[in-house]
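> A structural model of the following input is requested.
(one chain, ligands or ions: 1)
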Amino acid sequence: MFLPLGVLMERCLLNKQIILGVTGGIAAYKSADLVRRLREAGACVRVVMTENAKQFITPLTMQAVSGNPVHDDLFDLKAEAAMGHIELGRWADVILIAPSSADCMARLLRGEANDLLTTLCLVTKAPIALAPAMNQGMWKNKTTQENAQALQKKGIHIFGPGEGSQACGDTGFGRMLEPVELVAKVASLFETGRLSGKRIIITAGPTHEPIDPVRFITNGSSGKMGYAIAEAAIAAGAQVTLISGPVHLETPPHVNKIAVTTAQEMFDAAMSRIRECDIFFSVAAVGDYRSKVIAPQKIAKTASTFMLELERTPDIAATVAALPERPFIVGFAAETENVLGNAKKKLMNKKLDMIVANEVVTGMGGDDNAVTVLWKDEQVEFSKMEKRKLARKLIELVVVQYSCERNEVLDSAVR
Ligand code: C5P
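Below is the predicted model of the structure:
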């Protein structure tokens, strides 16, 4: 299954945090269009400009198209108070420098940190990509060529340059790639395509177990982790069904969302689709008990105490695991004590393939989480990071484990 370019871009760039570095060169006039297109594909863009870039395009233009303040000074007190350069380097999912001058390439290679952009490139752990743009003679120059090769050896991506007529009147290699080409190349940095053709079901959010028409029992759950996994699975090319309890989150594009309220509804929605499922992520904080009787009218507060008889709800993950032809199952365990011990018990008792364990205080409600993933006799820890980043790492891990278990090579199917 091959993904068309437009779908690939939209799947891979949704909510990605991109630093666009702009250096001095006439191609900087195209950077505004590049920002617009990255944003159209769902990315959030922050622009960092060198002093020379400002000779070619104004910070005001870049601010207007990106919707964010432009960063241009390593020593700007105001900017450091809002988002310091270390934080900005950490914020980025990718740094794209477009256009990248020959000077910028040389400075990056030497590891210089004499302006904000080069400093960020040293700070970040995110991939870095350069779109060189310069006169054809400068690009052909032996030193520039050696620099480009050395940067690639260090893992920096070089996009282009393209060939054609240049602003100076020359013709040859040195033109910055067109914004649409650059957007596709940045998207491909995130695309593994390794879940292409795979059908994934994710349960997410809490359930509401009614007591009467206005009251219900629930669990604290924002649904953010499940939705982030849906987004990451889409980026990996999967077909995703998200069975979600009541949450206040936007459904990621291309996801087939089924809204449910109770544990029983979540169970029914999952079981009716489970035969068409390769990987099941049980992320939901399903209510373990429900009221045995649901009062048809609002219960009046007359008595000083009030007894509620509760009964167990069906365990969705365990029921899926008991099926003769079961999908690969990833469970979640949010614990307040003995996190790893309890998670291990759930992994075994429910017969899951993998379990993602976290302490309740770390994960609940916020945008970040720190987890330990356990399977068989193995475990791997992920330190505190954004749930969206964590979701991508979990997908990578599941791809590897799924491939081992099912003896199936999941390779990129994207062209
Ligand atoms: O609630 P508990 O800690 O047992 O949850 C562990 C795992 O089991 C989670 O993956 C959760 O989504 C799943 N679960 C379920 N159905 C339930 C209760 C939990 O699928 N009724």
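> now the helix or strand where residue 172 lies, how far from the chain's geometric center?
Using DSSP states H and E, the secondary-structure element containing residue 172 is strand 171-175. Centroid displacement of strand 171-175 relative to its chain, using C-alpha atoms, centre = their mean, to the nearest Å, is 35 Å.
> tell me which other helices or strands it touches.
Where contact means 3 or more C-beta pairs under 8 Å, 6 or more residues apart in numbering; DSSP states H and E, strand 171-175 is packed against helix 136-140, strand 162-165. For glycine as for every other residue, the C-beta is placed from the backbone atoms N, C-alpha and C.
> so what's residue 57 up against?
If you count contacts by C-beta atoms under 8 Å, 6 or more residues apart in numbering, residue 57 has them with 22, 28, 29, 31, 32, 49.
> which of these fall in strands?
Filtering those for membership in strands, criterion DSSP state E, returns 22, 49.
> hmm, which of the contacts of residue 57 are the buried ones?
22, 28, 31, 32, 49 (16 or more other C-beta atoms under 10 Å).
> and those residues, which two are the farthest apart?
Largest separation among the buried ones among the contacts of residue 57 by C-beta to C-beta: 32 and 49, giving 11.5 Å.
> what sits in contact with each of these two?
Joint contacts of residue 32 and residue 49 (C-beta under 8 Å, 6+ apart) are 57, 62.
> name the SS class of the residue of the stretch 51-200 of the chain found nearest the ligand, please.
At 14.5 Å from the ligand, residue 200 is the closest residue in the stretch 51-200 of the chain, using C-beta to the nearest ligand atom. Under the three-state scheme (DSSP: H, G, I helix; E, B strand; the rest coil), residue 200 adopts strand.
> if I look at it, how far off is residue 190?
According to C-beta to C-beta, to the nearest Å, residue 200 stands 17 Å off from residue 190.
> of those two, which one has the most company?
residue 200 (26 against 21; other C-beta atoms under 10 Å).
> what is the more buried one paired to in the beta sheet?
For residue 200, the beta-bridge partners under DSSP bridges are residue 240, residue 279.
> correct me if wrong: it contacts residue 238.
Yes - using C-beta atoms under 8 Å, residue 200 is in contact with residue 238, at 4.7 Å.
> which residues do those two both contact?
Counting by C-beta under 8 Å, 6+ apart, the shared contacts of residue 200 and residue 238 are residue 279.
> residues in contact with residue 91?
Residues near residue 91 by C-beta under 8 Å, 6+ apart: 17, 19, 46, 83.
> quick one: which of the buried ones among the contacts of residue 57 is nearest to residue 97?
Nearest to residue 97, judged by C-beta to C-beta, of these is residue 22 at 7.6 Å.
> so who does that closest one touch?
Counting by C-beta under 8 Å, 6+ apart, residue 22 touches 28, 31, 47, 48, 49, 50, 53, 57, 62, 97, 98, 99.
> roughly how far does the second one sit from residue 286?
Look at residue 31 and residue 286: by C-beta to C-beta, they are 48 Å apart.
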